[in-house]
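A.B. asks: Got a sequence here, can you build the structure:
(4 chains)
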There are 2 protein chains.
Amino acid sequence: MPVENTVQSIERAIRIMEELATEKEGMGVTELSHRVQLHKSTVHRILNTLLQYGYVEQNPNTERYRLGMKLLYLGGAILDRMDIRREAHDILNALAEEVNEAVHLVVPEGDRAIYIDKIDSKRTIRMYSQIGRKAPYHASAVGKAILAFLPQEDAERVISKGLEKFTKNTITDPEKLKEHLEMIRQRGYAVDDEENEVGIRCVGAPVFDHTGRVIAAISISGPTVTVTKEKIPELSEKVMESARRISEKMGWKAG
Amino acid sequence: MPVENTVQSIERAIRIMEELATEKEGMGVTELSHRVQLHKSTVHRILNTLLQYGYVEQNPNTERYRLGMKLLYLGGAILDRMDIRREAHDILNALAEEVNEAVHLVVPEGDRAIYIDKIDSKRTIRMYSQIGRKAPYHASAVGKAILAFLPQEDAERVISKGLEKFTKNTITDPEKLKEHLEMIRQRGYAVDDEENEVGIRCVGAPVFDHTGRVIAAISISGPTVTVTKEKIPELSEKVMESARRISEKMGWKAG
DNA sequence: TCCTTTGTTTCGTATTATAAAACATTGTTT
DNA sequence: AAACAATGTTTTATAATACGAAACAAAGGA
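C.D. replies: A predicted model of the protein is given here:
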């Protein structure tokens, strides 16, 4: 998708890095050039550039390339500017300890919610998640918890872009979603009942700042075998309590 | 520093992103073009490219540019491939809780040690640190803890590159450092006594893998007013115990 | 030994990125 | 109100750069 007034070679570098992000063990030049549909020597030259600056590293034995640690520096700078991450971390830790499931913190980012912190569960059967990844607003507990408390015109804009179907449980009817969001506003928490991913259930609650705006959401997430429907009442109380505590740390006042 | 067979415009994009990483609140086009010494319209075009792909974002009110969340996705992919981070996190949390100081996990990265996880202390007076940033081997507790257990030729290579002076306490004499590393090997822990930064003291210990190689280090770090010299014996025991537990999780066997 | 495959290097030139100039907008000063 | 200053954004001729085809080097397998 070429965009106007952009630098093509930078776009190519971006494509290459994003392709490398999908392969934990890295990739060779030939495979990568097939994937991004660029000539092998072009890919090699771009990789060499990224290699010189630490954005890519090469395994000397396998000669495969993978993302380099310099991206950690840049990502770390972003994490570091997020006050809410600092404020929420202990509360998330305590919550994860208490319920023994994965716990996540997300913030709104464009048309999706982005994971900015997580505490993994200690169970053998776990769900997979990754900082920096995004979740759809309408199909995730954290997304719905944010959507329910966004200003109406913002929520309308999200809904009007269409509600993609991820599983047979995903809410794809705008009217149905709006009713659902009203219910979330009444209850104070949201449930993703295998709407985003089969076999995963999440209970989420919104976080507010000093102006009363929703700025984030947290969730308790796990496989449906451990996050059962019977547990929802208990988990919802706990996630709301933690969200309230984080909100207060962000300057929110009840009422 | 131009390098051969590199793509100049990609290098420029990298320089721009790294400059933006130094300014939490972002920067305008004009300031940025002064800093990277490129024409304003060139900088603008590169920024626009990065903007389109989420690597940079622009505050609509101030028009300032800052790093974008896509870097969090790439950084998250790197964090996610690190098994040690997953294994160590709970142990680090417990340690931080126990000593009420900042706790860090670092791994070797080229000629420095890079921070890949941290637990901040709950005290009012804290030290500043950031995931993705690097510490010099010879002047940090984590660095020295790794250096002391590296194969001799690797340690020699590090030392032969010169020992930069950061404070009046920094060890800059190669012979003195080698004696110091021997002491660390005997004791099993390292101390950074305001060698990297005035007012900061750290106690670190190495982490080993199943082959017996040093693969990481952890530390307890804080301002000298709370991490006092009197506390070093106690803190060293605790940091070594935690490092040993992480080592075992990484497959290390004593003996 | 020959063949295949992969990563790396070379180099002519077509394409791309540059940067100077102009423009649009906002805030400040006279 | 008009003039000025400063900033971000757009336009465009062309110099510079990036591209990609071809060749090369090395390793592994038949």
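
A.B. asks: Relative to the whole chain's centre, how far out is the worst-scoring helix or strand of chain A on mean pLDDT?
C.D. replies: When each helix and strand of chain A is scored by mean pLDDT, DSSP states H and E, helix A:152-160 comes last, with a mean of 92. Per Cα atoms, centre = their mean, to the nearest Å, the displacement of helix A:152-160 from the mean C-alpha position of its chain is 20 Å.

A.B. asks: after that helix comes which helix or strand?
C.D. replies: The helix or strand immediately downstream of helix A:152-160 is helix A:174-187, counting by DSSP states H and E.

A.B. asks: any idea of the mean pLDDT in that following helix?
C.D. replies: In this model, helix A:174-187 has an average pLDDT of 97.

A.B. asks: Check stretch A:94-107 too.
C.D. replies: Mean predicted lDDT for stretch A:94-107 stands at 96.

A.B. asks: Could you do stretch A:134-143 as well?
C.D. replies: 97.

A.B. asks: Name the residues that touch that stretch?
C.D. replies: A:104, A:106, A:109, A:111-115, A:144, A:146-147, A:158-159, A:163-164, A:166, A:170-171, A:177, A:189-192, A:195-196, A:202-204, A:217-219, A:221, B:73 (Cβ atoms under 8 Å, 6 or more residues apart in numbering or on different chains). The C-beta positions use only the backbone N, C-alpha and C, and glycine is treated the same way.

A.B. asks: run the last query once more with 7 Å
C.D. replies: Here stretch A:134-143 makes contact (Cβ atoms under 7 Å, 6 or more residues apart in numbering or on different chains) with A:104, A:106, A:109, A:112-114, A:144, A:146-147, A:158, A:163-164, A:166, A:170-171, A:177, A:190-192, A:195-196, A:202-204, A:217, A:219.

A.B. asks: show me where chain A has strands.
C.D. replies: A:56-58, A:65-67, A:102-109, A:112-119, A:134-136, A:190-193, A:200-208, A:214-223 (DSSP state E).

A.B. asks: can I get those in TSV with mean neighbour count?
C.D. replies: Listed next are the strands of chain A as TSV, based on neighbours: other Cβ atoms under 10 Å in any protein chain shown:
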stretch	mean neighbour count
strand A:56-58	20
strand A:65-67	23
strand A:102-109	24
strand A:112-119	21
strand A:134-136	21
strand A:190-193	24
strand A:200-208	27
strand A:214-223	26
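
A.B. asks: distance of the residue sitting furthest away from the middle of chain A from A:Leu20?
C.D. replies: Within chain A, the residue lying farthest from the chain centre (Cα atoms, centre = their mean) is A:Ser41, at 34.8 Å. According to Cβ to Cβ, to the nearest Å, A:Ser41 and A:Leu20 sit 18 Å apart.

A.B. asks: buried sites along the least confident helix or strand of chain A?
C.D. replies: A:155, A:158-159 (16 or more other Cβ atoms under 10 Å in any protein chain shown).

A.B. asks: ok, of the residues you listed, which one's closest to B:Ile84?
C.D. replies: A:Val158 (38.4 Å; Cβ to Cβ).

A.B. asks: ok, the closest one to DNA strand D distance?
C.D. replies: 24 Å (Cβ to the nearest atom of the strand, to the nearest Å).

A.B. asks: and chain A, which residues reach DNA strand D?
C.D. replies: Contact residues, chain A versus DNA strand D (Cβ under 7 Å from any atom of the strand): A:5, A:8-9, A:12, A:38-42, A:45-46.

A.B. asks: Keep those residues, but drop any that are not near DNA strand C.
C.D. replies: Checking the residues of chain A next to DNA strand D against DNA strand C (Cβ under 7 Å from any atom of the strand), the matches are A:8-9, A:40-41, A:45.

A.B. asks: ok, A:Leu47 to DNA strand C distance?
C.D. replies: In terms of Cβ to the nearest atom of the strand, A:Leu47 sits 7 Å off from DNA strand C.

A.B. asks: Find the closest residue to DNA strand D in the stretch 101-250 of chain A.
C.D. replies: A:Gly110 (17.2 Å; Cβ to the nearest atom of the strand).

A.B. asks: Point out where chain A drops to low pLDDT.
C.D. replies: A:1-3 (pLDDT under 70).

A.B. asks: domain ranges for it?
C.D. replies: A:8-73, A:82-249 (automatic domain parsing).

A.B. asks: Including distance to B:Arg133, could those domains go into a markdown table?
C.D. replies: Shown next, in a markdown table, are the domains of chain A (distance: least, Cβ to Cβ, whole Å):
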| stretch | distance to B:Arg133 |
| --- | --- |
| domain A:8-73 | 6 |
| domain A:82-249 | 16 |
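
A.B. asks: Among the ones you listed, which comes closest to B:Leu67?
C.D. replies: domain A:8-73 (10.5 Å).

A.B. asks: any residue of that closest one up close to chain B?
C.D. replies: Yes: for domain A:8-73 and chain B, the contact criterion (Cβ under 7 Å from any Cβ of the partner chain) is met by A:9-11, A:13-14, A:17, A:21, A:24, A:45-46, A:48-49, A:52-53, A:55, A:67, A:69, A:71-73.

A.B. asks: Out of the residues of chain A next to DNA strand D, which end up buried?
C.D. replies: A:9, A:12, A:38, A:45-46.

A.B. asks: Out of these, which sit inside helices?
C.D. replies: Judged by DSSP state H, the subset of these located in helices is A:9, A:12, A:45-46.

A.B. asks: Get me the contact residues on the stretch 51-200 of chain A for chain B.
C.D. replies: A:52-53, A:55, A:67, A:69, A:71-81, A:86, A:93, A:109, A:114, A:120, A:130-133.

A.B. asks: so what's A:Val106 up against?
C.D. replies: If you count contacts by Cβ under 7 Å, 6+ apart, then A:Val106 has A:113-116, A:135, A:142, A:216-217 around it.

A.B. asks: and if we set it to 10 Å?
C.D. replies: A:112-118, A:133-135, A:140-143, A:145-146, A:204, A:207, A:216-219 (Cβ atoms under 10 Å, 6 or more residues apart in numbering or on different chains).

A.B. asks: What's opposite it in the beta bridge?
C.D. replies: A:Tyr115, A:Ala217 (DSSP bridges).

A.B. asks: For DNA strand C, what's the nearest residue on chain A?
C.D. replies: A:Gly28 (1.8 Å).

A.B. asks: quick one, what contacts the residue nearest to that residue when sequence neighbours are not counted?
C.D. replies: Spatial nearest neighbour of A:Gly28, excluding adjacent residues (Cβ to Cβ, 6 or more residues apart in numbering or on different chains): A:Arg64 at 5.5 Å. Taking Cβ under 10 Å, 6+ apart, we find A:Arg64 in contact with A:20, A:23, A:25-29, A:31-32, A:57-58.

A.B. asks: Now, of those residues, which are buried?
C.D. replies: A:20, A:23, A:26-27, A:29, A:32, A:57-58.

A.B. asks: export stretch A:96-110 as PDB, just CAs?
C.D. replies: Extracted as PDB, the C-alpha positions of stretch A:96-110 are listed here (Å, rounded to 0.1, in the frame of the first residue of the first chain):
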ATOM      1  CA  ALA A  96      -2.600 -12.000  39.100                       C
ATOM      2  CA  GLU A  97      -1.400 -13.600  42.300                       C
ATOM      3  CA  GLU A  98      -4.900 -13.600  43.700                       C
ATOM      4  CA  VAL A  99      -6.700 -15.100  40.800                       C
ATOM      5  CA  ASN A 100      -3.800 -17.100  39.300                       C
ATOM      6  CA  GLU A 101      -4.700 -16.100  35.700                       C
ATOM      7  CA  ALA A 102      -3.000 -13.800  33.300                       C
ATOM      8  CA  VAL A 103      -3.700 -10.100  33.800                       C
ATOM      9  CA  HIS A 104      -3.400  -7.400  31.200                       C
ATOM     10  CA  LEU A 105      -3.300  -3.600  31.000                       C
ATOM     11  CA  VAL A 106      -4.300  -2.000  27.700                       C
ATOM     12  CA  VAL A 107      -4.700   1.500  26.400                       C
ATOM     13  CA  PRO A 108      -6.600   2.800  23.400                       C
ATOM     14  CA  GLU A 109      -4.400   3.100  20.300                       C
ATOM     15  CA  GLY A 110      -6.200   4.300  17.200                       C
END
